[in-house]
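Enquirer: Mind looking at a prediction? Sequence and model below.
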Amino acid sequence: MIKGVDLNINTPLGHQIGLTVFKPKTSNNKSIIISSATGVLQHYYFKFSTYFAELGYTVYTFDYSGIGRSNKNKSQLKQNKLNIKDWGENDQASVIAYAQSKNPLHKTILITHSIGGQLLAFNKNIRQLDAIITVASQSGYWKHWKGFERFKMLTFWYVLIPWLTPLFGYFPAKKLRLFENLPKDMVYQWQRWGKHKNYMLSEFDFNQLQFKNYKKNILVLSFPNDEYASKSSVNWLAEQFINASINRRHILPEELNTPDIGHFGFFRNQFKNSLWKMTHRWIENYS
């Protein structure tokens, strides 16, 4: 089995990013970069990464600033001044630059999970990507949900973040058993967007963002019963890539003979013979 190699890379903002590289025995001259969901450690994507490395891809995973190997301790987290824009403009963009510096002849495919797709709005290296796959990447505007899920989103934006973040100096997501703890400036920006139907466009003019600069293929995936990424919220983000060729797929569990997929299922080993194989075929055809 191929094992990842850990390293750190420097970024323009002066902090280091914890990166893991999965190198194939025989390269197919393609690199995959995985951009994580909010507060999800890169380790979650290791089985998926190993699968693709065994197919010949060079695969990179990383943690955003303030999370996992890109954060030393809670004291450093409290001092972290980065926001979502920085995660895209600095962190995600730096990993793309690093991967391409190491393999300049490779085609580069970015696979985003949840907020990873939102970061593309600020990624100055978006033009350098040969293909993008977004997995449950979405708007966080609370009205994209219905029923109890809408109530949960409202509670998150209007109660949990504004009450708990000042108390701890960061958002204590681990205490709530949600995900990893988050930097305060990042979570405050996230909260501001989540209250508005235009999400990030409530703070930035569309012409300031990078969406329009991507003109190649995107595979946009979503799944029913996803409490973090409703179908309409995923549609909203996909619609921002106005010059891309979009392949939109809302995959039903019954298509895969499984009771559920949800927000995190795509990267689980149980789908390697279905969703992972489909992903590989799409990359081979469209990158």
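Expert: Done, it's in. Worth saying up front: this structure is predicted, and the values here are computed from it rather than measured.
Enquirer: Geometrically speaking, which residue is the centre of this structure?
Expert: Gly116 (2.0 Å; CA atoms, centre = their mean).
Enquirer: Now for the residue nearest to Lys25 when sequence neighbours are not counted, how many residues are close by?
Expert: Closest residue to Lys25 apart from its sequence neighbours, by CB to CB, 6 or more residues apart in numbering: Ile2 at 7.4 Å. Where C-beta positions appear, they are placed from N, C-alpha and C, glycine not excepted. Using other CB atoms under 10 Å, Ile2 has 15 other residues around it.
Enquirer: didn't Ile2 look like it was pressed against Gly56?
Expert: No. Using CB atoms under 8 Å, Ile2 is not in contact with Gly56; the gap is 10.6 Å.
Enquirer: shared neighbours, these two?
Expert: Listed as contacting both Ile2 and Gly56 by CB atoms under 8 Å, 6 or more residues apart in numbering are Pro24.
Enquirer: so how far is Phe122 from the nearest residue to Tyr158 once chain neighbours are set aside?
Expert: Leaving aside its chain neighbours, Tyr158 sits nearest to Lys195 (7.6 Å; criterion: CB to CB, 6+ apart). Between Lys195 and Phe122 the computed distance is 20 Å (CB to CB, to the nearest Å).
Enquirer: which one of the two has more residues nearby?
Expert: The neighbour comparison of Lys195 against Phe122 (other CB under 10 Å) goes to Phe122, with 24 against 16.
Enquirer: ok now the helix or strand hosting Ser75, how far from the chain's centre?
Expert: Applying DSSP states H and E as the criterion places Ser75 in helix 74-79. Mean C-alpha position of helix 74-79 versus that of the full chain (CA atoms, centre = their mean, to the nearest Å) differs by 23 Å.
Enquirer: any idea whether the residue nearest to the centre of the chain is helix, strand or coil?
Expert: helix (DSSP: H, G, I helix; E, B strand; the rest coil).
Enquirer: Repeat that for Val95.
Expert: Put simply, Val95 is helix when judged by three-state DSSP.
Enquirer: what about the helices in the stretch 151-287 of the chain?
Expert: For the stretch 151-287 of the chain, the helices defined by DSSP state H, counting those that start in this stretch cover 161-168, 184-194, 231-238, 275-286.
Enquirer: average pLDDT for the second one?
Expert: Per-residue confidence for helix 184-194 averages out to 98 on the pLDDT scale.
Enquirer: Kindly state the beta-bridge partners for the nearest residue to Val5 once chain neighbours are set aside.
Expert: Nearest in space to Val5, with sequence neighbours left out and distances taken as CB to CB, 6+ apart, is Val21 at 5.0 Å. Val21 has the following beta-bridge partners by DSSP bridges: Val5, Tyr60.
Enquirer: What of the one 10 residues further on?
Expert: On the basis of DSSP bridges, Ser31 takes part in beta bridges with Thr58, Thr108.
Enquirer: what residues are up against it?
Expert: Contacts of Ser31 (CB under 8 Å, 6+ apart): 57-60, 99-100, 103, 106-109.
Enquirer: Narrow these to just the buried residues.
Expert: Burial by neighbour count, 16 or more other CB atoms under 10 Å: within these this picks out 57-60, 99-100, 103, 106-109.
Enquirer: With pLDDT added, can I get those residues in a markdown table?
Expert: Below are these laid out as a markdown table (pLDDT from 0 to 100):
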| residue | pLDDT |
| --- | --- |
| Tyr57 | 98 |
| Thr58 | 98 |
| Val59 | 98 |
| Tyr60 | 98 |
| Ala99 | 98 |
| Gln100 | 98 |
| Asn103 | 97 |
| His106 | 98 |
| Lys107 | 98 |
| Thr108 | 98 |
| Ile109 | 98 |
